[in-house]
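In: when you get a sec, could you give me coordinates for this:
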Amino acid sequence: MSGKKVSSSRKHQLKSLMLSIAKGILEEEEREREEAKRRYIAETCPPVSMPRTMQELQDLCKEIHRKIDGIDEERYDLEMKVNKANKEIDDLKIKVQDLMGKFKKPVLKKVRMSADAMLKALLGSKHTVNLDLRANLKQVKKEVKDEDKDLRDVGDWRKNIEDKSGMDGRKKMFEAEA
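Out: Residues are numbered from 1 along each chain as shown. From the prediction side, this is the model:
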C-alpha cells in the first residue's frame, strides 16, 4: 500500500469511519460507567424506608452513624497509606539523585537580612535573640611599652637629619658606634 497513493475522498471516508467507530466505543464506555455506578449505589445504598415510630427512627440514625464511622475509618486508613507511599516515593527520589550524583542547584535570590532577622526566621518568633556583637566583646586596655615611648620621644626628625648630614654627621655616627 506504500507504493499506491490514496485519494483524498478515500482518506476522508476512512477518517469519518474511524471517528464514527471511536464515537460508538466512547458511548458504550459511558453507558458501562453509568451502569456500574447504578449497581454500586444499589448495593451500598439500599432504598430508605421512612420509619413510622420514634424507636425505628433512632435505630436508623444509629445504623447511619455506624456506617459513617466505618467509612471514616476506611478514609483515614487510605489517607495514611497514601501519605506513607508519598514519603517512600520522595525517599526513593532522593536516593536516585544521590546515586546519579547530579544535583540541580536552585537559583537563590539574594536577600538582605540582618542577623537578628535571620535568627528570628530560623528560630521562630518565640525566641527573640538580640545579636549585639559589640556588647559581647571584652574590653582590653592597651599597655604602653618603653620602646614605644623612646620612638615617640625622638623629637623633631629635621633636627636629626641636619645633625647627620655632611661629613661631620657621618663621623659622629661612626664614633658613636665604636
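
In: how many neighbours does K109 have?
Out: 4 (other CB atoms under 10 Å). All C-beta spots, glycine's among them, are computed from the backbone N, C-alpha and C.

In: that one in helix, strand or coil?
Out: coil (DSSP: H, G, I helix; E, B strand; the rest coil).

In: if I look at it, how far off is L17?
Out: Distance, K109 to L17, using CB to CB, to the nearest Å: 57 Å.

In: next structured bit after the one helix or strand L60 maps to?
Out: Assigned by DSSP states H and E, L60 belongs to helix 54-100. Going down the chain from helix 54-100, the next helix or strand is helix 115-123, by DSSP H and E.

In: which elements pack onto that next one?
Out: Helices and strands touching helix 115-123, by 3 or more CB pairs under 8 Å, 6 or more residues apart in numbering; DSSP states H and E: there are none.

In: pLDDT averaged over that helix - what is it?
Out: Helix 115-123 carries an average pLDDT of 77.

In: what is the burial count for M118?
Out: Neighbours of M118 using other CB under 10 Å come to 13.

In: what's the answer for the one 5 residues further on, then?
Out: Each residue near L123 was counted by other CB under 10 Å, and the total is 11.

In: phi, psi of S49?
Out: Taking degrees, to the nearest 10, you get phi -110, psi 120 for the backbone angles of S49.

In: ok, it to L122 distance?
Out: From S49 to L122 the distance is 62 Å (CB to CB).

In: go through the strand or helix carrying E27 and flag the buried ones.
Out: Here E27, judged by DSSP H and E, is contained in helix 8-44. Buried positions in helix 8-44, judged by neighbour count with 16 or more other CB atoms under 10 Å: none.

In: now that helix against helix 54-100, angle please.
Out: Computed by axes from the mean of the first three to the mean of the last three CA atoms, to 10 degrees, the angle separating helix 8-44 from helix 54-100 equals 130 degrees.
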